[in-house]
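K.L.:
With the sequence up front, the predicted model follows.
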Amino acid sequence: MVFYFSGTGNTQWVARQLAEATGEELVDMARDKRTAFHITEDERIGFCFPTHGWQPPRLVRNFIRKMELSIERSEKKPLFCYAVTTCGDNMGEAMTILNRELLAKGLQAETMFSVIMPESYVCLPFMHTDSEERVEEKIENAKRQMTHIIRIVKDRKFGIVELEQGATPRLYSYVIGGYFNRKMITDKKFVVDVDSCTRCGKCQRVCPVGNIKGIPPQWSHDGSCTMCLACYHHCPVHAINYGTITKKRGQYTFNSK
């Protein structure tokens with residue numbers, strides 16, 4: 001079984017490849033309302049998620065806390081649990097944080113990977129989408145890496161750890177990322193230019209948590225927003241912005257061409 005969460009499509013692309021290669025069920029952690037799952041003796045269990053502020057998204061952590069697993073085990077075929085995170089450049093200690101949640105459920109991701117993908121977070125002064133050339137370069141590199149990851153997962157190779165943690169992972173995840181995830185995950189700054197909005201409703205359809213209501217869009221302000229920026233990046237006319245900072249920023253959604 002492959003559990004995943006994705007906003008702009010990077011992680012969905014990774015998770016779909018793994019599900020197709022292993023023939024295992026793909027479960028969207030944002031949209032699937034189940035909490036109980038049965039893992040057969042032949043199944044692997046994988047968690048695929050984007051790194052948000054050098055941590056796993058709150059949605060992913062909450063999903064794991066609520067999930068109830070019944071797992072078939074045997075000495076001949078121990079459970080193979082793995083995790084893959086996508087990130088714009090590095091992921092700090094996101095996997096350490098994920099494994100704390102998994103350990104509470106009797107799980108541990110022993111095989112772990114980070115996959116560098118095009119940047120999508122644009123809500124800080126120094127954050128921008130990648131150039132077209134850089135997007136293409138990252139995706140081509142990721143395609144080669146996914147061939148490698150799929151082979152390892154299919155072969156159930158335990159203990160493979162290939163993570164781009166950055167120069168100061170603890171600082172990233174627990175200080176900067178801690179502040180980011182406590183204070184900056186909010187929908188309160190999203191705005192829509194009603195004159196530009198085409199009333200297409202795409203922002204509602206792509207929001208993974210159903211946080212957007214009405215046309216033109218209105219955000220619920222109920223704490224469910226994950227700041228995945230799916231609404232911003234998928235808007236076909238750039239009518240949605242996060243305050244004023246994103247008005248001249250680019251948009252990105254995954255396209256493998």
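P.N.:
That came through, no problem. What you see is a predicted model; the values in this text were computed from it and never measured. Numbers count the residues shown, from 1 in each chain.

K.L.:
contacts and neighbour counts: CA atoms only from here.
P.N.:
Fine.

K.L.:
and residue 127, that one's in a strand?
P.N.:
No: using DSSP: H, G, I helix; E, B strand; the rest coil, the assignment for residue 127 is coil, not a strand.

K.L.:
Return the residues in contact with the spatially closest residue to it that is not a sequence neighbour.
P.N.:
Nearest residue to residue 127 in three dimensions, chain neighbours excluded: residue 121, at 6.5 Å (Cα to Cα, 6 or more residues apart in numbering). Contacts for residue 121 (Cα atoms under 8 Å, 6 or more residues apart in numbering) come out as 127, 128, 129, 228, 229.

K.L.:
ok, the last one touching residue 8?
P.N.:
Yes: Residue 229 is within contact range of residue 8, at 7.3 Å (criterion: Cα atoms under 8 Å).

K.L.:
Identify the contacts common to these two.
P.N.:
Contacts common to residue 229 and residue 8, judged by Cα under 8 Å, 6+ apart, are residue 120.

K.L.:
Just give me how far stretch 133-150 sits from the chain centre.
P.N.:
17 Å (Cα atoms, centre = their mean, to the nearest Å).

K.L.:
ditto for stretch 98-111
P.N.:
The mean C-alpha position of stretch 98-111 is separated from the chain mean by 17 Å, Cα atoms, centre = their mean.

K.L.:
Check stretch 210-230 too.
P.N.:
Relative to the chain's own centre, stretch 210-230 is displaced by 17 Å; criterion: Cα atoms, centre = their mean.

K.L.:
what's the spacing between the residue nearest to residue 127 and residue 21?
P.N.:
Applying Cα to Cα, to the nearest Å, the value for residue 121 to residue 21 is 29 Å.

K.L.:
and of the contacts of residue 121, the nearest to residue 83?
P.N.:
Of all the contacts of residue 121, residue 228 has the smallest distance to residue 83: 19.3 Å, by Cα to Cα.

K.L.:
Verify the stated contact: that closest one with residue 9.
P.N.:
No: checked against Cα under 8 Å, the pair residue 228 and residue 9 is beyond contact range at 10.2 Å.

K.L.:
which of those two has more neighbours?
P.N.:
Using other Cα atoms under 10 Å as the criterion, residue 228 and residue 9 rank with residue 228 on top: 20 against 16.

K.L.:
backbone phi and psi for that one, please?
P.N.:
Recorded main-chain torsions at residue 228 are phi -80, psi -20, according to degrees, to the nearest 10.

K.L.:
which one is the residue minimising distance to the centre of the chain nearest to, not counting chain neighbours?
P.N.:
Computing the C-alpha centroid of the chain and ranking residues by Cα atoms, centre = their mean puts residue 50 first, at 2.6 Å. Leaving aside its chain neighbours, residue 50 sits nearest to residue 86 (4.7 Å; criterion: Cα to Cα, 6+ apart).

K.L.:
for that neighbour, what are its contacts?
P.N.:
Contacts for residue 86 (Cα under 8 Å, 6+ apart) come out as 10, 11, 48, 49, 50, 51, 114, 115, 116, 117.

K.L.:
Which one of these is nearest to residue 70?
P.N.:
Of the contacts of residue 86, the one sitting nearest to residue 70 (Cα to Cα) turns out to be residue 48, at 20.0 Å.

K.L.:
Restricting the selection to alpha carbons, write the strand or helix carrying the closest one to PDB.
P.N.:
Assessed by DSSP states H and E, residue 48 sits inside strand 45-50. Coordinates of each C-alpha in strand 45-50 appear next as PDB, following Å, rounded to 0.1, in the frame of the first residue of the first chain:
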ATOM      1  CA  ILE A  45       3.800  -0.100   3.100                       C
ATOM      2  CA  GLY A  46       5.100   3.300   1.800                       C
ATOM      3  CA  PHE A  47       4.600   6.900   2.700                       C
ATOM      4  CA  CYS A  48       5.200   9.600   0.100                       C
ATOM      5  CA  PHE A  49       4.900  13.300   1.100                       C
ATOM      6  CA  PRO A  50       6.200  16.700   0.300                       C
END
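
K.L.:
next structured bit after that strand?
P.N.:
Next element after strand 45-50 (DSSP H and E): helix 58-66.
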